[in-house]
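Participant: need coordinates for the below:
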Amino acid sequence: MKRSLSFLLVLSLVLSMSSFRIFQAKPWNAPEAFVKKSNPVKSDAESLKTGKEVWSKHCQSCHGKAGAGDGTKAATLETEMKDFSTADVQSQSDGSMFYKISEGRDEMPTFKKKIQDETEIWSVINFIRTLKAK
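Facilitator: Numbering: from 1, shown residues only. Have a look, this model is predicted:
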């Protein structure tokens, strides 16, 4: 009986860890209409300034100052924060990023109500593009 209980406890722990990993690895693909969407905001000094300001206000606490996923709230989240300087993130289309920022998913909140001016979201994307690995 004691062995059966220990086995069940270990099995439930393994299964819960497996589902946690599946949750973490779940792909996040934007709809095709967004993938093809182009950024209408020119990446200039004004846009980058706006993007950095919006990033500091809404994104930095989780994603970190330089987008490394090391923000002050990152450790409290179950979702793994990606490093925005990586090719995996940088290779995403601007439209995909716009969709993800606007709509959110799981612990990533939707920002379409918090950032109602779409040009600000596009400016954040322009700022994210500056976070490329050097």
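Participant: in this structure, which spans are helices?
Facilitator: Along the chain, the segments classed as helices by DSSP state H run 2-25, 32-35, 45-58, 60-63, 87-90, 94-103, 118-128.
Participant: list of residues touching stretch 90-102?
Facilitator: With contacts defined as Cβ atoms under 8 Å, 6 or more residues apart in numbering, stretch 90-102 is touched by 28-31, 33-39, 84, 108, 110-112, 115, 118, 121-122, 124-125, 128-129, 131-132. Any C-beta I mention is one placed from the backbone N, CA and C, and that applies to glycine too.
Participant: now list the buried members of the residues you listed.
Facilitator: Those of these that meet the buried threshold are 30, 34, 37, 39, 84, 108, 111, 115, 121-122, 124-125, 128-129, 131, by 16 or more other Cβ atoms under 10 Å.
Participant: just for the protein, where's the confidence low?
Facilitator: When residues are selected by pLDDT under 70, those of the chain lie in 1-25, 134.
Participant: just checking, residue 107 touches residue 81?
Facilitator: No - if you go by Cβ atoms under 8 Å, residue 107 and residue 81 don't touch, sitting 9.7 Å apart.
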